[in-house]
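In: I would like the atomic coordinates for the input below:
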Amino acid sequence: MCFSSSASFSTGAILGVAGLLTITKVKNSDQYIFASIPLFFSIQQFSEGLVWLSLTKSNFAIWESMATNIFLIFAQVVWPIWVPLSIYLLEKDKFRKKILVYILAMGSLLSLYLTYCLLFFPVKAEIISLHIHYKLDFPPAIMHITPIFYFIPTVISPLLSSNKRVPLLGLTIMASYFFTLLFYTNYVISVWCFFSAIISAIVYYIIMEMNSLKISEKEKLVIRSID
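Out: All right, here's what the predicted structure looks like:
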């Protein structure tokens, strides 16, 4: 969260509860990866809360590197794989699944590259204008095209889903990303996560709707069998 440690920890706690609640609503194993998105956001928010503490309180300074790297692992490495993988597992249409395989491969390559960068290039978190700015000294030539390779797995994959409600997730991620890019250009990595609560609520809604549709279909089958 881009405002303070208390905001990050509070949001992390709320997302943790929301994540556990979402997982309890899962009916099929192929939904678990998708349903765990709020829990992952929770961990990410807690890690940024620790980043805030490490930058503002000297007795927490020892945790700065670890907390910063945990936050960046989720922000940079996890989501380009996790989002398309979760959509792929939910997808039933064979043609769309084939497309999602390529998008998942793209996200995986990006995550591997960013993992390499996090391991071998310096990163630093600093507070500027009441926001956390993450300074990433990655190779500039590649970083110019990284947003495109990040955008496709995290935004396009949900939009490709044949499930009528899953594209709502992609639209929300896209809208939140462009809003952050427009108004908080220098703090995109941190401020974008401010929308994690909205995204998590949509994940919960999609899981509930998917399962309610399955229940309705089962009821119809029972009625037909009785008739």
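In: C-alpha only now, for contacts and for neighbours.
Out: Noted.
In: quick one: contacts for the residue nearest to the spatial centre of the chain?
Out: Centrality entry for the chain: nearest residue to the mean C-alpha point is Trp79, 4.9 Å, by C-alpha atoms, centre = their mean. Applying C-alpha atoms under 8 Å, 6 or more residues apart in numbering, we find Trp79 in contact with Thr154.
In: residue boundaries of the strands in this protein?
Out: 123-128, 131-136 (DSSP state E).
In: relative to the first one, what are the paired strands and their orientations?
Out: What it means is strand 123-128. Sheet pairing of strand 123-128 (DSSP bridges) gives strand 131-136 (antiparallel).
In: could you pull up the mean pLDDT of the strand it pairs with?
Out: The average pLDDT within strand 131-136 is 86.
In: now stretch 93-103: buried residues?
Out: Buried residues in stretch 93-103, counting neighbours by 16 or more other C-alpha atoms under 10 Å, are found at Lys97, Leu100, Ile103.
In: on that earlier part again, nearest to Ile199, out of the strands of the chain?
Out: Ile199 sits nearest to strand 131-136 of all those, at 21.0 Å, using C-alpha to C-alpha.
In: what comes up buried for the closest one?
Out: For strand 131-136, by 16+ other C-alpha under 10 Å, it's His131, Ile132, His133, Tyr134, Leu136.
In: distance-wise, check the fourth one relative to Leu72.
Out: For Tyr134, the distance to Leu72 under the criterion C-alpha to C-alpha, to the nearest Å works out to 9 Å.
In: could you do the first one as well?
Out: When distance is defined by C-alpha to C-alpha, His131 is 15 Å away from Leu72.
In: go on, the third one?
Out: Distance check for His133 against Leu72: by C-alpha to C-alpha, it reads 12 Å.
In: now do the closest residue to Thr146 other than its chain neighbours, the pLDDT please.
Out: Spatial nearest neighbour of Thr146, excluding adjacent residues (C-alpha to C-alpha, 6 or more residues apart in numbering): Leu110 at 7.6 Å. Leu110 carries a pLDDT score of 95 in this model.
In: Leu110 contacts Tyr150, doesn't it?
Out: Yes: with contact defined as C-alpha atoms under 8 Å, Leu110 reaches Tyr150; the gap is 7.3 Å.
In: now do the helices in this protein.
Out: 5-24, 32-35, 37-56, 64-72, 79-90, 94-120, 140-143, 146-151, 157-159, 166-183, 188-191, 196-226 (DSSP state H).
In: save the ones you listed as a markdown table, and put in distance to Ile127 too.
Out: A markdown table is the format used below for the helices of the chain (distance: least, C-alpha to C-alpha, whole Å):
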| stretch | distance to Ile127 |
| --- | --- |
| helix 5-24 | 12 |
| helix 32-35 | 32 |
| helix 37-56 | 7 |
| helix 64-72 | 12 |
| helix 79-90 | 24 |
| helix 94-120 | 20 |
| helix 140-143 | 22 |
| helix 146-151 | 23 |
| helix 157-159 | 33 |
| helix 166-183 | 17 |
| helix 188-191 | 11 |
| helix 196-226 | 21 |
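In: looking at those, spot the one closest to Glu126.
Out: Closest approach to Glu126 among the helices of the chain (C-alpha to C-alpha): helix 37-56, 7.0 Å.
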